[in-house]
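[1] My questions are about this predicted structure, shown below with the sequence.
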Amino acid sequence: MKAILLAAGIGTRLRPLTLHTPKCLVPINGIPLMTYWFNLFRLYNINEVLINLSSFPDQVNDYISRNANDFKLHLFYEDEPLGSLRTLIENRHFFADGEEVFIFYSDNLTNINLNELYSFHISHSFPFTMGLFRANKPKDCGIAELNSDYIITDFIEKPRSPKSNLANAGIYLTNKDIFNFIPSSLNKDFLDIGFDLLPLLINNMKGYNIPELLIDVGTISNLQSAEKIVTKHPELFAFMQR
């Protein structure tokens with residue numbers, strides 16, 4: 001199976017940690033965040049991974065060369081972050097074989113069951129599934145509305161007045177058909193999945209409620225919370241012992 005790991009973020013909210021360390025390698029209990037992702041990929045037989053790099057790419061490349069030799073890797077360097085959607089567009093060839101592709105924001109920590117997400121995705125005919133979770137601060141997230149068939153009928157990125165706390169988890173499953181929804185007129189240098197793509201998919205994607213742990217570790221306080229969870233509940237990350 002294939003995945004894209006979006007890892008080009010600068011990590012402004014994690015400073016001073018990210019002044020000398022790329023966000024995707026910030027440690028959680030002494031283990032780089034990317035290690036959690038690679039072990040999760042191994043658990044679910046994801047063996048081909050595209051990773052975009054921007055902040056401290058030499059550090060990330062060195063880490064990958066020492067810790068990910070069992071994957072078929074594609075590294076995409078961005079002098080400046082292009083935005084998550086622009087990265088997908090520039091790597092459209094990664095979708096060419098028609099295989100389903102997972103997309104992950106690397107600044108999440110999760111023990112999601114990817115088999116369950118995959119089963120949900122292939123059970124419907126839409127080209128896109130968005131992972132969802134219950135957010136403590138919905139104003140900081142993309143908020144989705146679902147109907148009884150799990151079709152996403154509305155989506156607003158960082159709304160001023162959220163209608164719910166059902167939030168975009170930054171975990172998706174899709175295929176090459178997604179590019180049919182991206183108009184050629186959408187040609188800005190920086191394009192974001194949340195702001196620029198997901199509103200175009202309203203009524204053409206389904207939402208999957210993630211029952212497992214998911215925490216955005218993009219802030220110092222969330223990173224500290226994640227470390228406490230890993231310490232108190234190591235059973236949630238048994239895949240790290242593989």
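    Looks like it came in fine.
[2] what's the single longest strand in this protein?
    Scanning the chain for the strand with the most residues, using DSSP state E, yields strand 166-174.
[3] quick one: buried residues of whichever helix or strand comes after that strand?
    Using DSSP states H and E, the next helix or strand after strand 166-174 towards the C-terminus is strand 206-209. Across strand 206-209, burial judged by 16 or more other Cβ atoms under 10 Å covers 206-208. For every residue, glycine as well, the C-beta is placed using N, CA and C.
[4] Kindly report the same for stretch 122-137.
    By neighbour count with 16+ other Cβ under 10 Å, stretch 122-137 contains the buried residues 126-133, 135.
[5] how distant is it from the center of its chain?
    On the basis of Cα atoms, centre = their mean, to the nearest Å, stretch 122-137 sits 12 Å off its chain's mean C-alpha point.
[6] circling back to that earlier point, quick check, nearest of the buried residues of stretch 122-137 to Phe237?
    For the buried residues of stretch 122-137, the minimum distance to Phe237 (Cβ to Cβ) is 17.3 Å, reached by Phe133.
[7] Indicate each strand paired with whatever helix or strand the closest one lives in and its parallel or antiparallel sense.
    Element membership for Phe133 (DSSP H and E) is strand 128-134. Strands flanking strand 128-134 in the sheet, each with its direction: strand 166-174 (antiparallel), strand 206-209 (parallel) (DSSP bridges).
[8] pLDDT of that strand, averaged?
    Across strand 128-134, pLDDT averages out at 96.
[9] With only the CA atoms kept, save that strand in PDB.
    Below are the C-alpha coordinates for strand 128-134, written out as PDB (Å, rounded to 0.1, in the frame of the first residue of the first chain):
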ATOM      1  CA  PHE A 128     -12.200  10.700  -0.900                       C
ATOM      2  CA  THR A 129     -12.500   9.800   2.800                       C
ATOM      3  CA  MET A 130     -11.700  12.200   5.500                       C
ATOM      4  CA  GLY A 131     -10.700  11.000   9.000                       C
ATOM      5  CA  LEU A 132     -12.500  12.900  11.700                       C
ATOM      6  CA  PHE A 133     -12.100  13.400  15.500                       C
ATOM      7  CA  ARG A 134     -13.700  15.400  18.300                       C
END
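[10] what's in contact with it?
    112, 117, 120-121, 144, 146, 152, 165-174, 178, 198, 201, 204-210, 214 (Cβ atoms under 8 Å, 6 or more residues apart in numbering).
[11] Mind doing that once more with 6 Å?
    With contact meaning Cβ atoms under 6 Å, 6 or more residues apart in numbering, strand 128-134 is reached by 121, 165-167, 169, 171-174, 178, 201, 205-210, 214.
[12] same thing with stretch 202-215?
    Contact with stretch 202-215 is made by 108-112, 117, 120, 124, 126, 128-133, 144, 146, 150-152, 155, 169, 222, 226, 236, as judged by Cβ under 6 Å, 6+ apart.
[13] Pull out the buried residues from that stretch.
    Within stretch 202-215, the residues that qualify as buried are 204-208, 210, 213-215, counting by 16+ other Cβ under 10 Å.
[14] Just the endpoints, please. Distance across that stretch?
    One end of stretch 202-215 to the other measures 25 Å (Cα to Cα, to the nearest Å).
[15] go on, stretch 128-143?
    16 Å.
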